[in-house]
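Student: Sequence plus the predicted model coming up.
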Amino acid sequence: MKKRCLFICIEGLDASGKTTQTRRLVANLRLKGFDAVYTTEPSSGEFGSFIRSNVLQRIGRVPVVVEALLFAADRVDHVEQEIKPALQKGRIVVSDRYVFSSLAYQGAAGLDLNWIEEINKLALQPDLAIYIDVPLGVVMKRMERMRRRQSVMEQLDIQEKVRQVYMQLVQDGRLFPVDGNRPANVVSADIYKMVLDKLASS
């Protein structure tokens, strides 16, 4: 296994292909001999499990401030229990969502972005943060094809606000955009190249 310490996160709207691409990236890195590990938020830890069981199905009914604080607490636990230990072992950590999701989703719900930044100030900064951009019409059609009941946060007007925050983060240089409205293998190749370039320069 090649020991190259790197922390990457991948962001995107719901049904943007984010989880698929995160898993593909880890698989591609492993095929090339890198010690890569997949993780996600909410995490698999105690706080993340609480969010999955008690918050995700009640989005819109849980006060958004409480929601943001719970995600921030889970993030600190995620960093301390999973991300830092893996990095210390020389692994490449790829997270399916990270602090940018809080900024985008809780920001879209009306919270001040500076306050969200403040409660997440202990979050480890990623070496590379990627945003998979897919047109709103496309993600809405994908969700319809999934035939799942949409949560409050998955409605068109909210997703539009979420995308606006993500695009602002792109403009600020904090997220690197990838066009996700292409065949999955093409998107995967682009993301993989971005990571290899980052590894080469680190």
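Tutor: That came in fine, so what should we check first?
Student: check contacts around residue 81.
Tutor: 43, 45 (CB atoms under 8 Å, 6 or more residues apart in numbering). In short, each C-beta sits where N, CA and C put it, glycine included.
Student: My read is that residue 25 contacts residue 190, right?
Tutor: No: between residue 25 and residue 190 there is no contact under CB atoms under 8 Å: 10.6 Å.
Student: Identify each buried residue in the host helix or strand of residue 53, please.
Tutor: For residue 53, the host element (DSSP states H and E) is helix 46-54. If you call a residue buried by 16 or more other CB atoms under 10 Å, then helix 46-54 has these buried ones: 47, 48, 51.
Student: what's downstream of it, the next helix or strand?
Tutor: With DSSP H and E, the next secondary element past helix 46-54 is helix 64-78.
Student: Return stretch 80-96 as PDB; C-alpha atoms alone will do.
Tutor: What follows is stretch 80-96, C-alpha atoms only, in PDB (Å, rounded to 0.1, in the frame of the first residue of the first chain):
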ATOM      1  CA  GLU A  80     -11.400  12.800  16.200                       C
ATOM      2  CA  GLN A  81     -12.600   9.300  16.000                       C
ATOM      3  CA  GLU A  82     -12.200   8.500  12.300                       C
ATOM      4  CA  ILE A  83     -10.500  11.100  10.100                       C
ATOM      5  CA  LYS A  84      -7.500  12.100  12.200                       C
ATOM      6  CA  PRO A  85      -6.600   8.400  13.200                       C
ATOM      7  CA  ALA A  86      -6.700   7.400   9.500                       C
ATOM      8  CA  LEU A  87      -4.600  10.300   8.400                       C
ATOM      9  CA  GLN A  88      -2.100   9.600  11.100                       C
ATOM     10  CA  LYS A  89      -1.700   6.100   9.600                       C
ATOM     11  CA  GLY A  90      -0.900   7.600   6.200                       C
ATOM     12  CA  ARG A  91      -4.300   6.900   4.600                       C
ATOM     13  CA  ILE A  92      -6.300   8.900   2.100                       C
ATOM     14  CA  VAL A  93      -9.600   9.700   3.700                       C
ATOM     15  CA  VAL A  94     -12.500  10.500   1.300                       C
ATOM     16  CA  SER A  95     -15.600  11.900   3.000                       C
ATOM     17  CA  ASP A  96     -19.100  11.800   1.500                       C
END
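Student: The longest helix along the chain packs against which elements?
Tutor: Criterion DSSP state H: the longest helix present in the chain is helix 184-201. If contacts are counted by 3 or more CB pairs under 8 Å, 6 or more residues apart in numbering; DSSP states H and E, helix 184-201 sits against strand 6-12, helix 18-31, strand 128-133, strand 176-179.
Student: Output the ones you listed as JSON lines; include the columns distance to residue 158.
Tutor: Shown next, in JSON lines, are the helices and strands packed on helix 184-201 (distance: least, CB to CB, whole Å):
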{"stretch": "strand 6-12", "distance to residue 158": "15"}
{"stretch": "helix 18-31", "distance to residue 158": "17"}
{"stretch": "strand 128-133", "distance to residue 158": "17"}
{"stretch": "strand 176-179", "distance to residue 158": "21"}
